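Trainee: 3D, please:
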Amino acid sequence: KRGETFFKSGDNRNGSDSLVRGLGFLGHGIPSGKGAFLAALLKQILVKVGHAMLPKVFLGKRSLDDKRAAGDRLAMRIWHQLSQVWFFQLGPVPTIWAHLSSLNLSEVYPPTAELATNYASHAIILGTIPKFSLALRTLDRAIPIAQAHGDLRTRGEVFFFYGSVLYSAARYEHSLEKCD
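Mentor: Here you go, the predicted model:
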């Protein structure tokens, strides 16, 4: 919570430090230096490719009753917040590494609110490339997950991101519908 509070008050440095400490308490390290971040990013990209190519092998295989689940779900939320902080502080490589770390971990569990949030964030990234059709397919997966969990914040975030991707794709009428 401290990291999120610092970030929302504009203090990215303390926000980042608090979030990194939180990940450390959960046993997750952070790469040190540009080369380590690049290597860690490449690893996360390979994991994501594996998830995309062999979903039956990798996706949803770990139970939410697993002893690691509570800590992993907290790590997913921290990495998600860290990706937002680092977007403004450290640039694309650490940002995308943190995002993919959260997304890849959320995909090994059954659908959760964290997975819906990660899919929505992933779609925003895909929309900036621009890979609009892939972004929209990703958001189409996020919507039922967000709705199933009944979390209004997650649902709002998913629909806002959906509208943003549609707007970026110059589909203005559809964008208004999703954001309404």
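Trainee: Next up, the contacts around S168.
Mentor: For S168, the contact set (CB atoms under 8 Å, 6 or more residues apart in numbering) comprises G127, T128, P130, F132. Where you see a C-beta, it was placed from the backbone N, CA and C, and this is true even at glycine.
Trainee: what secondary structure does G10 sit in?
Mentor: coil (DSSP: H, G, I helix; E, B strand; the rest coil).
Trainee: what bits of the protein have low per-residue confidence?
Mentor: For the chain, the stretches flagged by pLDDT under 70 are 1-9.
Trainee: center of it - which residue?
Mentor: The chain has N118 as the residue nearest its centroid, 3.2 Å off, counting by CA atoms, centre = their mean.
Trainee: Next up, the contacts around that residue.
Mentor: M76, H80, H99, S102, L103, S106, E107.
Trainee: and these, which of them are in helices?
Mentor: M76, H80, H99, S102, L103, S106, E107 (DSSP state H).
Trainee: Helices of the protein, start to end?
Mentor: 2-8, 12-25, 34-53, 55-58, 69-89, 92-107, 113-128, 132-149, 152-168, 172-179.
Trainee: that older thread, can you say which of the ones in helices among the contacts of N118 are buried?
Mentor: M76, H80, H99, S102, L103, S106, E107 (16 or more other CB atoms under 10 Å).
Trainee: Quick check: the first one touching H99?
Mentor: No - using CB atoms under 8 Å as the test, M76 is too far from H99 to be in contact (10.6 Å).
Trainee: follow-up on the earlier one: a markdown table please, covering the contacts of N118 and showing distance to A148.
Mentor: Below are the contacts of N118 laid out as a markdown table (distance: CB to CB, whole Å):
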| residue | distance to A148 |
| --- | --- |
| M76 | 17 |
| H80 | 19 |
| H99 | 23 |
| S102 | 19 |
| L103 | 18 |
| S106 | 15 |
| E107 | 16 |
